[in-house]
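# Sequence and predicted structure below; questions after.
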Amino acid sequence: MVSLKSERELSMMRKASSFVARILDEVVSMAEPGVSTLALDQLAERRCKELGVIPAFKGYHGFPGCVCISLNDEVVHGIPSAKRILKDGDIVGLDFGVSFQGWYGDSARTIGIGKISKEARQLMAVTQEGLKKGIEQCHEGKRVFDIGHAIQNYVEGFGYSVVREFVGHGIGSALHEEPQVPNFGPKGKGMVLKAGMVLAIEPMINAGSFEVRVLSDGWTAVTADHSLSAHFEHTVAITPKGPEILTI
Ligand code: MG
Ligand code: MG
């Protein structure tokens, strides 16, 4: 069952998503060499309290943080820690969501700390552009796999690979709703997109092979070959006028 959101529901999701973007902006501006990933998480948690929103990931299936903070070869679901100190040259994936009066927004960005390598910079830029290519498919009458196909086609042109084990998702009054939105797949297949659908599109792109493994902490997914990985995500509404990015 895919829920189609009413205009009133969309306006709630716009609010939730704008809080996500605002808090992520603040976390990004705090991220610099010497800062722990726990300090970033604590900032997000404090801002949620002050703004009257609920951090969506805290306690979700037992996740201990508010923000998933994944460094370098970590793909997603990194756990904030006082022992993880950001250093010059790191790339940092920040994945964050909130609920506001029962409605969710979800977004992710990957940022560089200090001076990063040319390789890292390109991976981040291509992943962000890949997300844009996916969003451009979000029109009524297109199909879910058109999104993933556009992302895959673009990023593989740079020799990168698309993570298969984690995918995007519908979002609304739950953080994860149907349909699943893979970042790969055959053009013209899958569910038909309709106005009122809201999707969290979130390519995770590896510089090397697409394979990942989960560390013994039970959460952190890393690239199996320890190549760099980048992650960008937006919550996107499908409207009669085309895609509307909510998490900006
Ligand atoms: Mg997310
Ligand atoms: Mg998501």
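Yep, it's here. Numbers count the residues shown, from 1 in each chain. Ligands and ions are numbered 1, 2, ... in the order given.
# ok, the longest helix anywhere in the chain near ligand 1 or not?
Counting residues, the longest helix found in the chain (DSSP state H) is helix 7-30. No - using CB under 5 Å from the ion, helix 7-30 stays clear of ligand 1, with a minimum separation of 8.8 Å. Quick note: C-beta positions are derived from backbone N, CA and C, even for glycine.
# Flag every buried residue along that helix.
Neighbour-count burial for helix 7-30 flags 9-10, 12-21, 23-24, 27 (criterion: 16 or more other CB atoms under 10 Å).
# quick check: angle from the helix or strand following it to helix 7-30?
Using DSSP states H and E, the helix or strand that follows helix 7-30 in sequence is helix 37-51. Calculated by axes from the mean of the first three to the mean of the last three CA atoms, to 10 degrees, helix 37-51 forms an angle of 140 degrees with helix 7-30.
# Packing partners of helix 37-51?
For helix 37-51, the elements it packs on are helix 7-30, strand 54-55, strand 67-71, strand 91-100, judged by 3 or more CB pairs under 8 Å, 6 or more residues apart in numbering; DSSP states H and E.
# about what we covered before: tell me how far the longest helix of the chain lies from the chain's centre.
Centroid separation for helix 7-30 versus its chain: 13 Å, with CA atoms, centre = their mean, to the nearest Å.
# What about contact with ligand 2: does that helix have any residue there?
No - Helix 7-30 does not reach ligand 2 (CB under 5 Å from the ion); its nearest approach is 10.6 Å.
# can you state the direction angle for that helix and strand 91-100?
Using the same axes, to 10 degrees: helix 7-30 against strand 91-100 is 140 degrees.
# rewinding a little: and which of the buried residues of helix 7-30 is nearest ligand 2?
Val20 (10.6 Å; CB to the ion).
# If I follow the layout properly, that closest one ends up in contact with Leu94?
No - look at Val20 against Leu94 with CB atoms under 8 Å: they stay out of range, at 10.7 Å.
# need the residues of the protein near ligand 1, please.
Asp95, Asp106, Ala108, Glu233.
# ok now do the closest residue in space to the second one that isn't next to it in sequence, which residues does it touch?
Once flanking residues are discounted, Asp106 sits nearest to Gly97: 3.8 Å by CB to CB, 6 or more residues apart in numbering. If you count contacts by CB atoms under 8 Å, 6 or more residues apart in numbering, Gly97 has them with Val20, Pro55, Ala56, Phe57, Tyr104, Gly105, Asp106, Ser107, Leu175.
# mind checking the backbone torsions on the last one?
Which is Leu175. Its backbone dihedrals place Leu175 at phi -70, psi -40, with angles given as degrees, to the nearest 10.
# where do the helices sit along this protein?
Using DSSP H, the helices of the chain run over 7-30, 37-51, 118-135, 144-156.
# what angle do the second one and strand 67-71 make?
If I follow you right, that is helix 37-51. Going by the same axes, to 10 degrees, helix 37-51 is angled at 160 degrees with respect to strand 67-71.
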